[in-house]
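A.B. asks: how would this look folded up:
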Amino acid sequence: MIRLKDIAERAGVSVMTVSKALRDAPDVSATTRARVRLLAQQLGYVPDSSAQGLRTRHTKLLGLVISSLANPIFSRIVLAIEERAHELGYDLLLAYTMNKTDREEEAIRRMLSRRVDGLFLSPVYRIASEVRVYQELKQRNTPTVILGHLAPFCSHFINVETDDLQAGYQVTHHLLAQGHRRIAFLAGPPGTPWTQERFEGYRRALREIGEDVDDRLVFHAGRNLEEGARAATQMINERTEATAIQSINDLVAVGCAEVLLRQQIHIPRDLSITGFGNTLISEYFQVPLTTVGQPKYRLGVAAVDCMLQLLGGRPTEPKRIPAELVIRASTGTAPASFPLKRLKKA
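C.D. replies: Next up, the predicted model:
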């Protein structure tokens, strides 16, 4: 292992001069700095980041805690955060919660033990108004940016989020413009703010045309393919009077659509269906999905911008970024009858 002392001996200068030269200190001549840096490179010197962190009280590490990269929403967000952090000289530590509260707490504590300069967190949402580890982050004044909507337990942090309320409204408005009046809503986990916002957008669009939400058209579908398939089976068994389905995300929409297609329901001639997220599966599904394009990369960039403000001790504001409706082949004009009523129970 090459030490500063080894470089100093080769350069014929003191260890202090080598240290200053590698830190671009102004009281070392440009010629000496260049010579020391060239020698360090030739000898394969690698700075000890841990020692530097103890000296400067900054580790140049940022922690990122998300549910999992298996969730396609996070791939672009993580890419944006890593690229921007790299440009700024920060390394990124990544941990998964798998949507488990105990694993989330463990991941956050591990990040803190590594003395990260700041944390990006995609919370495991729960109904509780307070969560101990989030209270500790507040007390420690750890710079923290929430990726997603705020809930009571994390409301004291800065966040970046998609305008899910307006996006939910846009989807419903599109279906209404196609003549649909009986629109089923496949909801996500009830404790999540994004489920609540997307449902509120759905409700507002219906109320604009004088319609109320029909509880018989609202199904709790979760967040994945299997749960979307179960929701479709439930709709078939209940002979649901719907001509369109608005899903909480693309995975739920695809899981639902696969069941319907196997039952010879033509999409969109018999029934329209929408997703949310504009993930790859939505574009390349056998019937490309009308969906909502979330600004995933922009959310990641905005998160790093917020973090820089916090790290610099400067005030910053939450970021709420609009989404875009992406219209594809899975939506069309409303049929004259209710297609699910003619199916036998699954």
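
A.B. asks: the most centrally placed residue in the chain: which element?
C.D. replies: Note on the chain: the residue nearest the mean C-alpha position is residue 74, at 4.6 Å, using Cα atoms, centre = their mean. Assigned by DSSP states H and E, residue 74 falls within helix 73-87.

A.B. asks: I'd like the next helix or strand past that helix.
C.D. replies: Per DSSP H and E, the first helix or strand lying C-terminal to helix 73-87 is strand 91-96.

A.B. asks: which of the residues in that next one are buried?
C.D. replies: Neighbour counts over strand 91-96 (16 or more other Cβ atoms under 10 Å) mark 92-96 as buried. Quick note: C-beta positions are derived from backbone N, CA and C, even for glycine.

A.B. asks: how far away from the center of its chain is it?
C.D. replies: On the basis of Cα atoms, centre = their mean, to the nearest Å, strand 91-96 sits 14 Å off its chain's mean C-alpha point.

A.B. asks: neighbouring contacts of that strand?
C.D. replies: Contacts with strand 91-96, where a contact means Cβ atoms under 8 Å, 6 or more residues apart in numbering, come from 60-69, 78, 81-82, 85-86, 103, 107, 110-111, 114, 116.

A.B. asks: by contact count, what packs against the next helix or strand after it?
C.D. replies: For strand 91-96, the following helix or strand on the C-terminal side (DSSP H and E) is helix 101-113. Packed against helix 101-113 by the contact rule (3 or more Cβ pairs under 8 Å, 6 or more residues apart in numbering; DSSP states H and E) you find strand 61-66, strand 91-96, strand 118-121, helix 132-140.

A.B. asks: tell me which of those sits nearest to residue 289.
C.D. replies: When those are compared by Cβ to Cβ, strand 61-66 sits nearest residue 289, at 23.5 Å.

A.B. asks: switch the helices and strands packed on helix 101-113 over to JSON lines; also include distance to residue 258 and mean pLDDT.
C.D. replies: Formatted as JSON lines, those follow (distance: least, Cβ to Cβ, whole Å; pLDDT from 0 to 100):
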{"stretch": "strand 61-66", "distance to residue 258": "27", "mean pLDDT": "96"}
{"stretch": "strand 91-96", "distance to residue 258": "27", "mean pLDDT": "95"}
{"stretch": "strand 118-121", "distance to residue 258": "33", "mean pLDDT": "98"}
{"stretch": "helix 132-140", "distance to residue 258": "38", "mean pLDDT": "94"}
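
A.B. asks: of all those, which one is nearest residue 24?
C.D. replies: Comparing the helices and strands packed on helix 101-113 by Cβ to Cβ, strand 91-96 comes nearest, at 19.9 Å.

A.B. asks: now the helix holding residue 74 - C-alpha only, CSV.
C.D. replies: Coordinates of each C-alpha in helix 73-87 appear next as CSV, following Å, rounded to 0.1, in the frame of the first residue of the first chain:
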residue,chain,number,x,y,z
ILE,A,73,-40.3,3.1,-11.3
PHE,A,74,-37.0,3.3,-9.5
SER,A,75,-34.6,2.4,-12.3
ARG,A,76,-34.6,5.9,-13.9
ILE,A,77,-34.7,7.7,-10.5
VAL,A,78,-31.7,5.7,-9.3
LEU,A,79,-29.8,6.4,-12.5
ALA,A,80,-30.4,10.1,-12.2
ILE,A,81,-29.3,10.2,-8.6
GLU,A,82,-26.2,8.2,-9.2
GLU,A,83,-25.1,10.2,-12.3
ARG,A,84,-25.6,13.5,-10.6
ALA,A,85,-24.0,12.4,-7.4
HIS,A,86,-21.0,11.1,-9.4
GLU,A,87,-20.6,14.4,-11.1
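
A.B. asks: thanks a lot, catch you later.
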